[in-house]
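>>> what's the 3D shape of this:
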Amino acid sequence: MKIKILRKEGEKTIELEEGATASEIFRKLGESSEAYIIKRAEEVIIGEEPLSDGDELELIKIISGG
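Numbers count the residues shown, from 1 in each chain. Alright, predicted model coming up:
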């Protein structure tokens, strides 16, 4: 299935197997899931949320500091 990823750096479409969860996009992108919030249709989702073909996910980088 194809998932569109929207980030500050631009957008990218990735291919995942049917039944994939949101956390699997990070393995595909080589990123840490702890560094991002995932939004689908203005709703924040968690890593175990199942994805559907054609989903558009926005990855928002978490910025922290002291």
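
>>> From what I see, residue 47 and residue 21 are in contact.
Yes - shown here, residue 47 and residue 21 form a contact pair, counting by C-beta atoms under 8 Å, at 6.4 Å. All C-beta spots, glycine's among them, are computed from the backbone N, C-alpha and C.

>>> Low-confidence stretches in the protein?
Applying pLDDT under 70 to the chain flags the ranges 66.

>>> And the strands in it?
With DSSP state E as the criterion, the chain has strands at 2-7, 10-15, 36-40, 43-45, 56-61.

>>> Which among these is found nearest to residue 28?
Between residue 28 and the strands of the chain, the tightest spacing by C-beta to C-beta is seen for strand 10-15, at 5.2 Å.

>>> May I see the strands of the chain arranged in JSON lines, with mean neighbour count and distance to residue 25 as well?
Formatted as JSON lines, the entries for the strands of the chain read as follows, by neighbours: other C-beta atoms under 10 Å; distance: least, C-beta to C-beta, whole Å:
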{"stretch": "strand 2-7", "mean neighbour count": "16", "distance to residue 25": "7"}
{"stretch": "strand 10-15", "mean neighbour count": "11", "distance to residue 25": "7"}
{"stretch": "strand 36-40", "mean neighbour count": "17", "distance to residue 25": "8"}
{"stretch": "strand 43-45", "mean neighbour count": "12", "distance to residue 25": "11"}
{"stretch": "strand 56-61", "mean neighbour count": "16", "distance to residue 25": "7"}
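
>>> I'd like to know which of those lies nearest to residue 27.
For the strands of the chain, the distance to residue 27 is smallest for strand 10-15, at 10.4 Å, taking C-beta to C-beta.

>>> What is the distance between that closest one and the centre of its chain?
The chain centroid and the centroid of strand 10-15 are separated by 10 Å under C-alpha atoms, centre = their mean, to the nearest Å.

>>> Taking their axis directions, it and strand 56-61 sit at what angle?
In this structure, strand 10-15 runs at an angle of 120 degrees to strand 56-61, with axes from the mean of the first three to the mean of the last three C-alpha atoms, to 10 degrees as the basis.
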